[in-house]
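**Student:** Would you be able to build a 3D model of this:
(4 chains)
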2 protein chains.
Amino acid sequence: MKKYISTLKRTKLFAGIGEEEIASMLNCLNASAKNYSKKEYVFHQGEYIRDLLLLAEGRLIIQKEDYWGNLSILNEICVGEMFGEAYAAPDSGALLNDVIAAEDSTVLFFDIEKILSLCPSACPYHTRLVKALFYTISEKNRKLVQKLSLMSQRTTREKLLSYLSDEAKKQNSSSFTISFNRQQMADFLSVDRSAMSNELCKMRDEGMLDFHKNEFTLFEE
Amino acid sequence: MKKYISTLKRTKLFAGIGEEEIASMLNCLNASAKNYSKKEYVFHQGEYIRDLLLLAEGRLIIQKEDYWGNLSILNEICVGEMFGEAYAAPDSGALLNDVIAAEDSTVLFFDIEKILSLCPSACPYHTRLVKALFYTISEKNRKLVQKLSLMSQRTTREKLLSYLSDEAKKQNSSSFTISFNRQQMADFLSVDRSAMSNELCKMRDEGMLDFHKNEFTLFEE
DNA sequence: TCTTTTCCGTTGTAAATACAACCGACTTTT
DNA sequence: AAAAGTCGGTTGTATTTACAACGGAAAAGA
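**Tutor:** Purely as a prediction, here's the structure:
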């Protein structure tokens, strides 16, 4: 566990907390780690989760497959991000999605009950952790709403423009790199890959943007 | 404020807490109330929210309007539900959506900082509230993911079937009533109203379901 | 009661999308 | 180095959807 402390220090959840305090909190919170190799399932649809999870190494994909095998990528988890908190409540049902390692990954498991059972005298940083936890979920909530806005765009072009301008804002530049390939991007936007590819080229021909592989540049007007 | 205590008692946030304790907590948490009449804006896109909000009376609609005036209903808030928690973090930006009263409504405002600044000695139910708050957000998070699943369905028919079977599960019966009219339902699913109406009638003609106004019945097979 | 407005189903047409299939470039595997 | 696989762009066709417009029924308002 100790080798992940420097990583934890850079997460939102443990921001501003010293390495020694993190070490003692890891004990207090019953933390454990597990490794997954690329393409391995971290969780299957139908499983029950009770822990709070944090990605220490690698990258994960959260996806859903419907009755007819159509795949939708719902989200991407990067190093330092927390996940699984949506299923932390005692009465939350079975997991509705699959979580898959996009690269070799390490996941940390935390006992959610211990985090929420406050012990201010024993652990001075506990309340700080609770605040950080709340703000993190709050932010995730906001991102979900943003993605919902994206998905409620009706045409492929509108979805692309929303997604690309969101990415440009995130990376604070009109030139940026995305981590999806075309198929994943199409799944993320819930559109057909070839139709999306078509639309991208149309927009390029119209002078709205340019791209090479995963590098995009947006032009004004 | 006192007249809302019996309502609060039935919310998830204050479940299992006595009326007297709620009364003292309302003081402790700097709670205030505000009334809105039907169709009035509770919040406008671009505003900044710092409070945690709870609907004490009425019904609210959360919607988004894009540059060209296309309307998307993102969510519906019913009595006892909490909202605004996505914008509670200090660094969350401006509100991206509009919140509108679908009926005459009363909204309670709570100081989020006071909720998260723990005072276990002064307020024995404070930790309980924090837990309930976390579980509530956790559940909302899960619902957002569910709606995302809905939105990532590609055809109008798939969206309708997902939405209707979700409602059937929620109300635990194959016959149920929905609170949307057709236009709102179409906005909620982000599809064209007439196309949706068309598809509904097709499915009825195929014997998959039946409906009269807002009452739906789903048939097996 | 009469008028006005809202709601919902219907239709036709233009536009957008899904799907399948193919190809060339590039990467990975053996 | 050869073979196999992945990836992204292109095309044609069938399907689906958006949009506009209309009319009847119901609801709301005067």
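
**Student:** ok so A:Ser179 is a strand residue?
**Tutor:** No. Secondary structure of A:Ser179 (DSSP: H, G, I helix; E, B strand; the rest coil): coil, not part of a strand.

**Student:** ok, how many other residues are close to it?
**Tutor:** 12 (other CB atoms under 10 Å in any protein chain shown). (C-beta placed from N, C-alpha, C; glycine too.)

**Student:** Could you pull out the strands in chain A for me?
**Tutor:** Along chain A, counting by DSSP state E, strands occupy A:32-36, A:41-43, A:51-57, A:60-65, A:71-77, A:82-83, A:98-101, A:105-111, A:175-177, A:209-212, A:215-218.

**Student:** so what's A:Ala186 up against?
**Tutor:** By CB atoms under 8 Å, 6 or more residues apart in numbering or on different chains, A:Ala186 lies in contact with A:Asp192, A:Arg193, A:Met196.

**Student:** Make a PyMOL selection of the buried ones in the residues you listed.
**Tutor:** This is the PyMOL syntax for the buried subset of the contacts of A:Ala186, where burial follows 16 or more other CB atoms under 10 Å in any protein chain shown:
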select buried, chain A and resi 196
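
**Student:** Turn the contacts of A:Ala186 into JSON lines, including distance to chain B.
**Tutor:** Shown next, in JSON lines, are these (distance: CB to the nearest CB, whole Å):
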{"residue": "A:Asp192", "distance to chain B": "8"}
{"residue": "A:Arg193", "distance to chain B": "12"}
{"residue": "A:Met196", "distance to chain B": "12"}
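
**Student:** Could you tell me which of the contacts of A:Ala186 belong to helices?
**Tutor:** Counted as lying in helices by DSSP state H, out of the contacts of A:Ala186, are A:Arg193, A:Met196.

**Student:** Show me the domain layout of chain A.
**Tutor:** A:2-140, A:153-218 (automatic domain parsing).

**Student:** and among the ones you listed, the most buried is which?
**Tutor:** Burial of these is given as mean neighbour count (mean count of other CB atoms under 10 Å in any protein chain shown); domain A:2-140 ranks first at a mean of 17.

**Student:** And the closest residue to A:Ala132 other than its chain neighbours, how close does it get to B:Tyr36?
**Tutor:** Leaving aside its sequence neighbours, A:Ala132 sits nearest to A:Leu13 (CB to CB, 6 or more residues apart in numbering or on different chains; 5.1 Å). Distance, A:Leu13 to B:Tyr36, using CB to CB, to the nearest Å: 36 Å.

**Student:** Dump the contacts of A:Ala186 to a markdown table, plus pLDDT.
**Tutor:** Shown next, in a markdown table, are the contacts of A:Ala186 (pLDDT from 0 to 100):
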| residue | pLDDT |
| --- | --- |
| A:Asp192 | 91 |
| A:Arg193 | 92 |
| A:Met196 | 93 |
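
**Student:** Show me which of the contacts of A:Ala186 is closest to DNA strand C.
**Tutor:** For the contacts of A:Ala186, the residue nearest DNA strand C by CB to the nearest atom of the strand is A:Asp192; the value is 3.0 Å.

**Student:** how about that closest one, what does it touch?
**Tutor:** Taking CB under 8 Å, 6+ apart as the contact definition, A:Asp192 lies against A:Thr156, A:Ala186.

**Student:** re earlier: quickly, which of the strands of chain A bottoms out on average pLDDT?
**Tutor:** Ranked by mean pLDDT, these end with strand A:71-77 at the bottom, a mean of 74.

**Student:** what's in contact with that strand?
**Tutor:** Strand A:71-77 is contacted from outside by A:55, A:59-66, A:83, A:97, A:99, A:102, A:147, A:179-180, A:184, A:187-188, A:190, B:145, B:148-149, B:152, using CB under 8 Å, 6+ apart.

**Student:** I'd like to know if the longest helix seen in chain A reaches DNA strand D anywhere along the stretch.
**Tutor:** In chain A, with assignment by DSSP H, the single longest helix is helix A:126-151. No. Using CB under 7 Å from any atom of the strand, helix A:126-151 stays clear of DNA strand D, with a minimum separation of 12.4 Å.
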